[in-house]
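Asks: coords below, sequence missing:
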């Protein structure tokens, strides 16, 4: 039953890992917690059970924008769904309540602050509820990275419905948070299902934190027509970057919590509807985003913990297609984050936890081996092999003897009485005459300017590596001054070598990649990509007509599969991944017509016919009333080929009248012979032709077998 629902409503043939097991567990009346990465398919784990039993499922979600998108998507799939939150008027709320009482709603999304009001709890108690789902359940725990106080009261759900199963879902929660979530929800003994947190379609990249705007501009230029999010720490930064990108002709907007609510909503909707390509935002943006075709995520500043970082990069590639993540990192970023924690009002034990989490983020950013392994190890997941899809794996970092450069830096630290931070040390080594250097007299020391052979970004990278390898220390309580230690003095005395990983800028990486020969696209790939872009335009038009985001119509992954398979009828369209019965009925004709139109253009006189599209042209001419003989003449093909096309179109569900090409007696004689020989409907025709001693032409054999196969 669950497989039938998955196909009928969501258009998928198979479940992802763990989904079927979770659905069976919940359907049997059991509580559970589901940990799956963003884009891993959490919602199916409660949406399918909701459709398997009588009654409705209550889904608690803190994200108003996400509620709206999920409800639109479910309705588009033919599922009765609604939401209750503060954005609805009294009359709208009353209409939804009536639908619930009438049994027209299968999934009801409710904001926690709405649910916890006495009137709403009374309303819910009067419904025939079959399942309780708590989305973004990490918000329940004070240990979670996005704690919501109102979530701590959700234990009232289990009190009100003690016999109903509850499913708690989250994309990120460490062991401490998990235990706390289950305790707070009143299901301490619930089974925990933990899917792999690996998102192999995400490319992981870390870049030096210099020339960030220039690198971003180039990256966007290299990825035209792709949606992306740039995350920044400060609100002012989001505005500045968006302004700079727009000045370069890039369709970018900013988003942060201090914007008026109406303006925030308008910008978010524009991004969801593909009217804005680039969103520059604080972390206030994203949790409510169900946009499946975000192709890249850039972190302008380093996040404070791996949980938040992982959830944010998880907003790319939710449709499973290849996507890019990029983190800018500098030692200064880490210092800034560390100072923010130190200067916060948190108790010391909480600060210690935040420091530890920040250090794990630093470990990821400074990795000299597979970044994915580091990321997954944080979630207690071990992988045996390197991923091959992070910058370290793709370009193994070569080391070099950096002893002389290290000695220059350490000497400069010593000659400035160990009182300068990293930024000023770079200026001293590079011979900068800026005011902060000259006022302190650092332009007079012997090592001033001895490092002009290296760029500033190279020095910043190498000094960070020296810190990480213990070649020098930093005094956080002395304005982050760099200090010499025993290893430092051994290096200065020539008693120890220093090996560092060679620096490579984004521009250098890009140039090297451009020099590597890219594989030439095949004819089939060219057609797929061309058709995909045309299908995107159809999707955009339909989405605008219905006032919904494009991904609610079809995801990029579905359009990609559609462009690959090129369906020309309802039966073929249902074979496309992500296309259910409601979507075929509602949107199928528009996309089929575009595919047929594209096929007609590709099969114009003088154009080589592409495999798979030759049937479409035959069908087009058949619908114009041409006979097989006329079609063969028009297309310069033999008649048997045309009859084979018509038989295949009939088998695929097209309205083709094959009975006009042979009599009932001929059909019976051919099928009796086929049965006697044990021949299948799709078998080669020669044995059957010889058995019948050539009394029936090949085309009649093909037609008879097609009719027989459809009847069976």
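Replies: That came through, no problem. Since this is a predicted model, take the numbers as computed values, not measurements.
Asks: For residue 246, which residues are in contact?
Replies: Residue 246 sits next to residue 252 when contact means C-beta atoms under 8 Å, 6 or more residues apart in numbering. (Glycine included, C-beta is placed from N, CA and C.)
Asks: Now do the phi/psi pair for residue 42.
Replies: Main-chain dihedrals, residue 42, degrees, to the nearest 10: phi -60, psi -40.
Asks: so it makes contact with residue 33?
Replies: No. At 11.0 Å, residue 42 and residue 33 do not qualify as touching, with contact defined as C-beta atoms under 8 Å.
Asks: Need the residues touching each of those two.
Replies: By C-beta under 8 Å, 6+ apart, the residues touching both residue 42 and residue 33 are residue 169.
Asks: And the strands in the stretch 251-400 of the chain, which stretches?
Replies: Under the criterion DSSP state E, counting those that start in this stretch, the stretch 251-400 of the chain contains strands at 252-255, 278-281, 294-299, 323-329, 399-401.
Asks: no wait, the stretch 51-200 of the chain
Replies: Under DSSP E, counting those that start in this stretch, the stretch 51-200 of the chain gives strands at 56-60, 81-84, 107-110, 129-134, 166-170, 191-194.
Asks: The first one - what's its average pLDDT?
Replies: Across strand 56-60, the average pLDDT comes to 96.
Asks: Pull the contacting residues for the closest residue to residue 198 other than its chain neighbours.
Replies: Of all residues not flanking residue 198 in the chain, residue 376 sits nearest, at 6.0 Å (C-beta to C-beta, 6 or more residues apart in numbering). By C-beta under 8 Å, 6+ apart, the contact set of residue 376 is 197, 198, 382, 383.
Asks: same check, this time on residue 596
Replies: By C-beta under 8 Å, 6+ apart, the contact set of residue 596 is 568, 616, 620.
Asks: buried sites along stretch 103-119?
Replies: 105, 106, 107, 108, 109, 110, 111, 112, 113, 114, 115, 116 (16 or more other C-beta atoms under 10 Å).
Asks: do stretch 498-516 as well
Replies: Result for stretch 498-516 [16+ other C-beta under 10 Å]: buried residues 498, 500, 501, 503, 504, 505, 506.
Asks: Can you tell me the element the second one falls in?
Replies: Meaning residue 500. strand 499-501 (DSSP states H and E).
Asks: Does anything pack onto that strand? Which helices or strands?
Replies: On a contact count with 3 or more C-beta pairs under 8 Å, 6 or more residues apart in numbering; DSSP states H and E, strand 499-501 meets strand 399-401, helix 456-468.
Asks: just checking, residue 270 touches residue 251?
Replies: No. Residue 270 sits out of contact with residue 251 when judged by C-beta under 8 Å, with a separation of 9.4 Å.
Asks: what do these two both touch?
Replies: Residues touching both residue 270 and residue 251 (C-beta under 8 Å, 6+ apart): residue 276.
Asks: OK, contacts around residue 411?
Replies: By C-beta under 8 Å, 6+ apart, residue 411 lies in contact with 446, 447, 450, 492.
Asks: who wins for neighbours among those residues?
Replies: residue 447 (21 neighbours; other C-beta atoms under 10 Å).
Asks: That residue: what secondary structure?
Replies: coil (DSSP: H, G, I helix; E, B strand; the rest coil).
Asks: wait, it sits on residue 412?
Replies: Yes. Between residue 447 and residue 412 a contact is recorded at 4.2 Å, counting by C-beta under 8 Å.
Asks: joint contacts of those two?
Replies: Between them, residue 447 and residue 412 share the contacting residues 428, 429, judged by C-beta under 8 Å, 6+ apart.
Asks: Now a PyMOL select for only the buried ones of the contacts of residue 376.
Replies: To isolate the buried members of those in PyMOL, using 16+ other C-beta under 10 Å:
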select buried, resi 197+198
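Asks: Local confidence estimate at residue 367?
Replies: In this prediction residue 367 is given a pLDDT of 84.
Asks: Please apply the same query to residue 598.
Replies: Note for residue 598: predicted pLDDT of 87.
Asks: Wasn't it part of a strand?
Replies: No. Checked against three-state DSSP, residue 598 lies outside a strand; its state is helix.
Asks: most tightly surrounded among the helices and strands packed on strand 499-501?
Replies: Of all these, helix 456-468 has the most neighbours on average by mean count of other C-beta atoms under 10 Å, namely a mean of 21.
Asks: Test my guess that residue 365 contacts residue 303.
Replies: No. Residue 365 is beyond contact range of residue 303, at 9.7 Å (criterion: C-beta under 8 Å).
Asks: can I see the domain layout of the chain?
Replies: By the assignment in automatic domain parsing, the chain contains the domains 2-194, 202-331+367-394, 399-503, 657-712.
Asks: quick one, which of those is nearest to residue 533?
Replies: domain 202-331+367-394 (8.2 Å; C-beta to C-beta).
Asks: Endpoint to endpoint, that closest one covers what distance?
Replies: 13 Å (C-alpha to C-alpha, to the nearest Å).
Asks: Also stretch 4-14?
Replies: Stretch 4-14: ends 10 Å apart by C-alpha to C-alpha.
Asks: Equivalent analysis for stretch 38-56, please.
Replies: End-to-end distance (C-alpha to C-alpha), stretch 38-56: 25 Å.
Asks: what kind of secondary structure is residue 637 in?
Replies: Going by three-state DSSP: residue 637 is coil.
Asks: going forward can the numbers begin at 59, since that is how I track them
Replies: Got it, the first residue is 59 from now on, which makes the last one we talked about residue 695.
Asks: buried stuff in the longest helix seen in the chain?
Replies: In the chain, ranked by residue count with DSSP state H as the criterion, the top helix is helix 581-604. For helix 581-604, burial by neighbour count (16+ other C-beta under 10 Å) applies to 585, 586, 589, 590, 592, 593, 594, 596, 597, 600, 601.
Asks: Repeat that for stretch 185-200.
Replies: Buried residues in stretch 185-200, counted by 16+ other C-beta under 10 Å: 185, 187-199.
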